[in-house]
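1. structure for the following, please:
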Amino acid sequence: MEVIAVTVQIAIGLIFLQSSLAKTLRWHEFKGIVHAYELLPGWAAPVAAGGVLVVELFTGVALVAGWTPVAALVAAGLLAIFAAAMAVNILRGRTSLDCGCFQSAKQPLEWRLVVRNLVCAGVAITASELSLDLADPLRWMHALPAGVALFAIYIALNAVWALDASRVAAFTRS
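-> This next block holds a predicted model:
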């Protein structure tokens with residue numbers, strides 16, 4: 001169980017690292033997405049976007065490096081906040097917004113993204129209780145490659161969901 005827990009921590013850490021890098025590279029677009037969610041006053045959107053980016057970066061590093069359970073709690077908190085922001089906009093009928101995840105192709109808001117984030121939050125907290133010690137060689141020999149593989153599966157699943165969403169949107173318009 002410990003190897004599985006570390007695998008999950010590493011995968012979630014890589015998700016946060018990749019997401020923070022993508023948000024850095026597309027900074028203006030990310031600020032626009034935060035603003036488009038209409039959950040904050042206009043002046044606060046760039047500040048919140050910067051905060052999200054920095055917290056995601058440090059959380060990703062901490063999870064991959066094994067600094068848990070605080071990092072897992074922060075990750076779970078971020079994922080819950082993202083899920084809540086998406087849910088609010090879905091309930092408002094604003095599903096054409098990009099989720100802002102920057103994991104793969106753009107994805108409009110939908111309930112499965114909310115559920116995905118909530119599941120990841122729960123798994124992050126659960127895994128933090130079972131983590132291997134940093135000095136344990138199993139962490140690096142087994143969990144690191146498995147975490148990278150799990151991350152790749154996550155990215156692939158998001159790409160499939162994005163393609164599915166674009167297919168649905170294309171057929172809805174025609």
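2. against which helices or strands is the strand or helix carrying residue 90 packed?
-> Using DSSP states H and E, residue 90 sits in helix 70-91. Counting contacts by 3 or more CB pairs under 8 Å, 6 or more residues apart in numbering; DSSP states H and E, helix 70-91 packs against helix 2-25, helix 44-65, helix 111-128. For glycine as for every other residue, the C-beta is placed from the backbone atoms N, C-alpha and C.
3. tell me which of the ones you listed sits most buried.
-> Neighbour counts (mean count of other CB atoms under 10 Å) averaged over each of the helices and strands packed on helix 70-91 peak at helix 2-25, with a mean of 21.
4. residues contacting whichever helix or strand comes after it, please?
-> Per DSSP H and E, helix 2-25 leads on to helix 27-36 as the next helix or strand towards the C-terminus. With CB atoms under 8 Å, 6 or more residues apart in numbering as the test, helix 27-36 has contacts from 23, 40, 42, 45-46, 48-49, 52-53, 97-98, 100, 102.
5. would you mind measuring from the closest residue in space to residue 123 that isn't next to it in sequence to residue 153?
-> Nearest residue to residue 123, sequence neighbours excluded (CB to CB, 6 or more residues apart in numbering): residue 8, at 5.5 Å. Residue 8 is 12 Å from residue 153, where distance means CB to CB, to the nearest Å.
6. what does residue 118 give?
-> Residue 118 is 18 Å from residue 153, by CB to CB.
7. so after the least confident helix or strand in the chain by mean pLDDT, what's the next helix or strand?
-> Ranked by mean pLDDT, DSSP states H and E, the weakest helix or strand in the chain is helix 137-138, scoring a mean of 69. Per DSSP H and E, the first helix or strand lying C-terminal to helix 137-138 is helix 144-173.
8. packing partners for that following helix?
-> helix 2-25.
9. rerun that using 10 Å as the cut-off
-> If contacts are counted by 3 or more CB pairs under 10 Å, 6 or more residues apart in numbering; DSSP states H and E, helix 144-173 sits against helix 2-25, helix 44-65, helix 111-128.
10. ok and the last one relative to helix 144-173, angle-wise?
-> Pointing back at helix 111-128 there. 170 degrees (axes from the mean of the first three to the mean of the last three CA atoms, to 10 degrees).
11. so which elements touch helix 111-128?
-> Looks like helix 111-128 contacts helix 2-25, helix 44-65, helix 70-91, helix 144-173 (3+ CB pairs under 10 Å, 6+ apart).
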